[in-house]
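[1] have a look; sequence and predicted model below, questions after that.
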Amino acid sequence: MGTVSPNLLNMPEVVMKEILEKLDLRNIVTLRKVCKPLLLFIDSQNSIPELIDLSIFVNFEKIEVCSNSLKNQSINLEKIENLDQWKSAKNLSIDNFILEISLEKLFHFSFLDVKLRNVDAEILMDLRNKFLESTDPKEFIFTFMEMKNQEKLLEFLGIPEILKNIFGLESQRWKLQYPGTNEKFLEIQISKNYCKFTNIESLEEQVRRRREEAEQLENSGN
């Protein structure tokens, strides 16, 4: 770590706390890296316990949070949710622990990779509608420990295609066509503790679609 002006370190504790309260997430994370005394002081404050033992990477569009010590434990990022960076970011990736948050509060992201405590099938339908509102590239991948109202999936989405991976594990897949286009689809894949919403066509799907289009073109010429 680098050095820091002694004037900052010599400030009264109450002044340091007031300074921290006015800083956003990016500045707090940067300040923790300045020197060890500042890191220890910041991590000792009850006002921001969520930063302890976390590695947080922030830029204008992406937030990444990971932790080795909090693996598979719950964490609440309520204070981070209120920051401008959280509200304006497009990508969110949280690794190694369970995020205590409602899925609805993550709808504004375009790309998501998190682990949640639980999800509700009814909220998944809201997520489906959110995806279908725009054809902009968007992908949500999340694992969960429990799904509420799971029996309603068939009611909401209809009969799925059953997929089986190389390990024999089954998942359900739905493909929903975007309104007003024959080329854009929303793919929803759900297995025991895994869910994926994407409107990004995989390479495999691109190859299959182009092969079908070539066959149709060839047949139309005969």
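    The structure has been received and is ready for your questions. Note that the structure is a prediction, hence the values are computed from the model and not measured. Numbers count the residues shown, from 1 in each chain.
[2] middle-most residue in this protein, spatially?
    By Cα atoms, centre = their mean, the mean C-alpha position of the chain lies nearest to residue 112, the distance being 2.5 Å.
[3] list the helices and strands the host helix or strand of that residue packs on?
    Assigned by DSSP states H and E, residue 112 belongs to strand 111-120. Judged by 3 or more Cβ pairs under 8 Å, 6 or more residues apart in numbering; DSSP states H and E, the packing partners of strand 111-120 are strand 91-95, strand 98-99, strand 139-148. Backbone N, C-alpha and C define where each C-beta goes, glycine included.
[4] which of the residues in the last one are buried?
    Neighbour counts over strand 139-148 (16 or more other Cβ atoms under 10 Å) mark 139-140, 142-144, 147 as buried.
[5] ok, now stretch 123-132?
    So, applying 16+ other Cβ under 10 Å, buried residues of stretch 123-132: 123-125, 127-128, 131.
[6] now do that stretch: everything it contacts.
    102-104, 107, 138, 140, 153, 156-157, 176, 178-179, 186, 188, 195, 197, 199 (Cβ atoms under 8 Å, 6 or more residues apart in numbering).
[7] mean confidence for it?
    In this model, stretch 123-132 has an average pLDDT of 93.
[8] export stretch 94-108 to PDB, keeping only CA atoms.
    Extracted C-alpha coordinates of stretch 94-108, given in PDB (Å, rounded to 0.1, in the frame of the first residue of the first chain):
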ATOM      1  CA  ILE A  94     -21.100 -11.500  -6.900                       C
ATOM      2  CA  ASP A  95     -19.100 -14.600  -6.000                       C
ATOM      3  CA  ASN A  96     -18.700 -17.000  -3.000                       C
ATOM      4  CA  PHE A  97     -21.600 -15.900  -0.900                       C
ATOM      5  CA  ILE A  98     -25.400 -15.500  -0.800                       C
ATOM      6  CA  LEU A  99     -26.800 -12.100  -1.600                       C
ATOM      7  CA  GLU A 100     -29.700 -11.200   0.700                       C
ATOM      8  CA  ILE A 101     -31.800  -9.100  -1.700                       C
ATOM      9  CA  SER A 102     -35.000  -9.300  -3.600                       C
ATOM     10  CA  LEU A 103     -34.500 -10.200  -7.300                       C
ATOM     11  CA  GLU A 104     -36.700  -7.200  -8.200                       C
ATOM     12  CA  LYS A 105     -34.000  -4.800  -7.000                       C
ATOM     13  CA  LEU A 106     -31.600  -6.300  -9.600                       C
ATOM     14  CA  PHE A 107     -33.900  -5.800 -12.600                       C
ATOM     15  CA  HIS A 108     -32.000  -2.600 -13.800                       C
END
